[in-house]
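> Here you go, sequence then predicted model.
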2 protein chains.
Amino acid sequence: MDRNNQRPLTLRDVSEASGVSEMTVSRVLRNKGDVSEATRKRVQEAAKRLGYVPNKIAGALASQRVNLVAVIIPSLGNMVFPEVLSGISEVLEDTELQPVIGVTDYMPEKEEKVLFEMLSWRPSGVIIAGLEHSEASRAMLAQAGIPVVEIMDVDGDPIDACVGISHRRAGRKMAEEIIAAGYKKIGFMGTKMPLDHRARKRFEGFTRTLAAAGIEIADREFYSGGSALAKGREMTAKMIERTPDLDFLYYSNDMIGAGGLLYLLENGVDVPGQIGLAGFNGVELLDGLPRQLATMDACRKEIGTKAAQIIAARHAGNHPPEGDLINLAPKLTLGDTLRR
Amino acid sequence: MDRNNQRPLTLRDVSEASGVSEMTVSRVLRNKGDVSEATRKRVQEAAKRLGYVPNKIAGALASQRVNLVAVIIPSLGNMVFPEVLSGISEVLEDTELQPVIGVTDYMPEKEEKVLFEMLSWRPSGVIIAGLEHSEASRAMLAQAGIPVVEIMDVDGDPIDACVGISHRRAGRKMAEEIIAAGYKKIGFMGTKMPLDHRARKRFEGFTRTLAAAGIEIADREFYSGGSALAKGREMTAKMIERTPDLDFLYYSNDMIGAGGLLYLLENGVDVPGQIGLAGFNGVELLDGLPRQLATMDACRKEIGTKAAQIIAARHAGNHPPEGDLINLAPKLTLGDTLRR
DNA sequence: TTGAAAGCGCTAACAC
DNA sequence: GTGTTAGCGCTTTCAA
């Protein structure tokens, strides 16, 4: 603690300080193999006194084992992903594995780059959002020789394992609910979708189901960037002015839905009598709104835990029939914004 | 791309496939040193065809350089930290450095553990939230021999560099504003604070300034966990029932402030005439609220960029007089909830 | 229970 | 411009 050393300490330093061979020091520090209580004490003391921090780089190279799990997600600002991450962390905390986060900003090229970087650290597994990846990314994942779990979505072709919900089905379910409630003039608001495959799939499931019932989306509006709450407000204002006879608004996420809800309530619109509303995600935030927005839970935490469990199981040698696919059922919450 | 290889490819494989020495292959792949255009082409082709992903573990061990920056923050669910991270990422993207995120959940023991783990990968620098760390953590940071930037807060004793705002001053400034506006019966709501030093410091700065003006906090309430928006609602309801003559509510973060605002507006309270409100953080979310909540910007993004710049500069060999301390000035936004 | 030797996959440093 | 040699700091393996 008092050495002004530039060079980080090595096993050798601890070995010399304790008068025990490097090998034995290594064994003590890893709790591996039998070491007498006496030497163990001496080594631990020396290590602590010197402030030795093992070099995982060297350890990983020598042992050919890296206890990292690459977790690749589109964004941290979305609230959805931190929840997935917390599910992952919770599970991995009980193992020797550690998550490492990479962010793609919804850009395939960046995903490819991040993936390459992470794979070059030879992680023990990969958890990656979505089923849509560049050819190169898919190839890397397939070649890596490690468990790969694609999460959030199940509508597509997994490389290996997969945990998520069907967003098409989610869109369909919500449409069915809306139709059953008797709404007819429906508007849609969401993100510009080329970026967001899951939002697109929900939209597809939604519109197709309406179409099958002879209903066509009466108006639509897309945004990108900015405060989602404010965008929800703006888009809603614009849309009900443009299409005043709408009786339902479906938002592709709860945040813009909340913005719309606040706007409508302020303007004295009867929700859900005059206009019904629904969002998507089931974010915690909704609990504090004046009305409970109808929404559909995306099973974020569960996706995280299940994905991590798959990685952990494979890592421990359990090879549950490779290619596990877990299709979770999103839970619908009617709240107070969808009349029954 | 078609080999069903268990063993990951090595430089040697690329070397053999291209008929070029490992050393030259390495040079090509790193763009280091002079290589003829012809061999460069051959090597790149071979590498791509095989799907070679370099092994950074080995590279780092050999070169003694790891281009990772450990970023240690309390939480990802807070919105504040993702913004700091995006500032960091933006700056590091133009360098060879890469951020790696560690989360402490506001727990000193976990911070210590995460720090130890990260340091064992021998990163090129550390960015860590807060100035309060365990003895062991401080020792590790001091010993590591790499640039360390403590962020968010400047009220304390930095180990090395430091970028943040003074939370005491932030609390003081808000108190001054409130006093100047003529409010007298002031309530405070916030997180349970043993965990959150910055919230505590704001509270201290706030109460001391009030005290100096002969005002004492009339009521207070603390929460932990749950939806902050909902908590803001609940606490506000409880507090104004308990202490009906309050004329100002200071919230330790914008989210609970937003909950309080929504509650008061719903209940027909005149804001800011009857009761004034203020939060802290300047989160984007506020833009979508019915009223603009008075708040103070925590300079989150700027903290991220400045911290990353310090690391990047040091990494590049520029040693700006060690121990740089950047004290940013939080910007006050009066909004519509603090009468003038 | 402990130690010595070999080598993980790469790169620095030096030949050629 | 290209190749050779010797490690980086550990762990694996085998011997004592």
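Yep, it's here.
> Tell me if stretch A:117-124 is near DNA strand C.
No - using C-beta under 7 Å from any atom of the strand, stretch A:117-124 never reaches DNA strand C; the gap is at least 8.4 Å. Quick note: C-beta positions are derived from backbone N, CA and C, even for glycine.
> gap between the two ends of that stretch?
In stretch A:117-124, first residue to last residue: 14 Å (C-alpha to C-alpha, to the nearest Å).
> and that stretch with chain B, contact?
Yes - contact between stretch A:117-124 and chain B, assessed by C-beta under 8 Å from any C-beta of the partner chain, occurs at A:117, A:119-122.
> Against residue B:144, how distant is residue A:6?
11 Å (C-beta to C-beta, to the nearest Å).
> Can you classify residue A:149 as helix, strand or coil?
Following DSSP: H, G, I helix; E, B strand; the rest coil, the label given to residue A:149 is strand.
> Is it in contact with residue A:130, as I believe?
No - counting by C-beta atoms under 8 Å, residue A:149 does not reach residue A:130; the two are 11.6 Å apart.
> So for those two, which sits in the more crowded spot?
residue A:149 (28 against 21; other C-beta atoms under 10 Å in any protein chain shown).
> Contacts only, for the more buried one.
Applying C-beta atoms under 8 Å, 6 or more residues apart in numbering or on different chains, we find residue A:149 in contact with A:125-128, A:160-163, A:307, A:310-311.
> rerun that using 10 Å as the cut-off
Counting by C-beta atoms under 10 Å, 6 or more residues apart in numbering or on different chains, residue A:149 touches A:69, A:71, A:88, A:125-128, A:158-164, A:303, A:306-311, A:314, A:324, A:326.
> Next: residue A:312.
A:69, A:91-92, A:94-97, A:124-125, A:147, A:318.
> Near the residue of the stretch 51-200 of chain A found nearest DNA strand C, how many other residues are there?
Closest approach between the stretch 51-200 of chain A and DNA strand C, counting by C-beta to the nearest atom of the strand: residue A:62, at 3.5 Å. The tally of other residues near residue A:62 (other C-beta under 10 Å) stands at 11.
> ok so, going back, have a look at residue A:6 and residue B:144 and say which one is more surrounded.
Between residue A:6 and residue B:144, residue B:144 has the larger neighbour count (other C-beta under 10 Å), namely 22 against 6.
> nearest residue to that one other than its sequence neighbours?
Nearest non-adjacent residue to residue B:144, counting by C-beta to C-beta, 6 or more residues apart in numbering or on different chains: residue B:119, 5.6 Å away.
> Roughly how far does that neighbour sit from residue A:54?
9 Å.
> Same question for residue A:69.
Using C-beta to C-beta, residue A:69 is found at 20 Å from residue A:54.
> Kindly report the same for residue A:237.
Look at residue A:237 and residue A:54: by C-beta to C-beta, they are 59 Å apart.
> out of these two, which sits in the busier spot?
Between residue A:237 and residue A:54, counting by other C-beta under 10 Å, residue A:54 is the more crowded of the two (20 against 15).
> in what helix or strand does that one lie?
Counting by DSSP states H and E, no helix or strand carries residue A:54.
> strands paired with the one helix or strand residue A:128 maps to, and their directions?
Assigned by DSSP H and E, residue A:128 belongs to strand A:125-129. Taking DSSP bridges as the criterion, strand A:125-129 sits next to strand A:68-73 (parallel), strand A:148-153 (parallel) in its sheet.
> Need the CA coordinates for the first one. PDB is fine.
Listed next in PDB are the C-alpha coordinates belonging to strand A:68-73 (Å, rounded to 0.1, in the frame of the first residue of the first chain):
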ATOM      1  CA  LEU A  68     -17.500 -12.800 -19.600                       C
ATOM      2  CA  VAL A  69     -20.800 -12.800 -21.300                       C
ATOM      3  CA  ALA A  70     -21.200 -10.300 -24.100                       C
ATOM      4  CA  VAL A  71     -24.600  -8.500 -23.900                       C
ATOM      5  CA  ILE A  72     -25.400  -6.500 -27.000                       C
ATOM      6  CA  ILE A  73     -28.400  -4.100 -26.900                       C
END
